[in-house]
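> when you get a sec, could you give me coordinates for this:
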Amino acid sequence: MTATIELPKSIIQPLEALSVTSRLKPQTLVAQAVKERLDYEEWKVGRVRASLASVKAGQTFSKEEFWDQLAKERDVRKKAT
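Numbering: from 1, shown residues only. Below is the predicted model of the structure:
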């Protein structure tokens, strides 16, 4: 499927400039950007669904457990620096 989309000049101008420096067609750059965003959105929706399934299954932390785990992770980061 091929489709035509309208983009504002504020996107077209930097797209054309990037096209020259990268030696890629503007269509290629747009297709890559859209693909990356779609991949991210699909990943995010999958993570939300997995999280909701965990909640339904009762796999949750209490508020105290959450803060304890966060404190442990902060300690690990502090030791790493």
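
> look up how far G46 lies from V34.
19 Å (CB to CB, to the nearest Å). Yep, even glycine has a C-beta here, placed from its N, CA and C like the rest.

> again, but for A57
16 Å.

> and what about the residue of the chain positioned farthest from its centre, helix, strand or coil?
No residue in the chain sits farther from the centre than E64, which is 29.1 Å out by CA atoms, centre = their mean. Using DSSP: H, G, I helix; E, B strand; the rest coil, the structure places E64 in helix.

> quick one: contacts for it?
By CB atoms under 8 Å, 6 or more residues apart in numbering, the contact list for E64 is empty.

> mind checking pLDDT for it?
We have a pLDDT of 95 for E64.

> make 17 the starting number, not 1.
New numbering, starting at 17: the last item is E80.

> ramachandran coordinates for A19?
phi -140, psi 150 (degrees, to the nearest 10).

> residues near it, how many?
4 (other CB atoms under 10 Å).

> quick check: the gap between it and V46.
A19 is 11 Å from V46, by CB to CB.

> repeat for E89
Distance from E89 to V46, by CB to CB: 39 Å.

> quick one: which of the two has more around it?
V46 (16 against 10).

> I'd guessed the more buried one sits against I28; true?
No - the pair V46 and I28 does not pass the contact test of CB atoms under 8 Å, sitting 10.0 Å apart.

> for the protein, where's the lowest mean pLDDT among helices and strands?
Within the chain, no helix or strand scores below helix 79-96, which has a mean of 93 by mean pLDDT, DSSP states H and E.

> which SS state does L68 fall under?
Going by three-state DSSP: L68 is helix.

> number of nearby residues for it?
With other CB under 10 Å as criterion, L68 counts 10.

> report the contact partners of it.
Per CB under 8 Å, 6+ apart, neighbours of L68: none.

> so how far is Y56 from it?
With CB to CB as the criterion, L68 and Y56 are 19 Å apart.

> over to V46?
16 Å.

> next, E22: secondary structure please.
coil.

> mind checking pLDDT for it?
Reported pLDDT for E22: 94.
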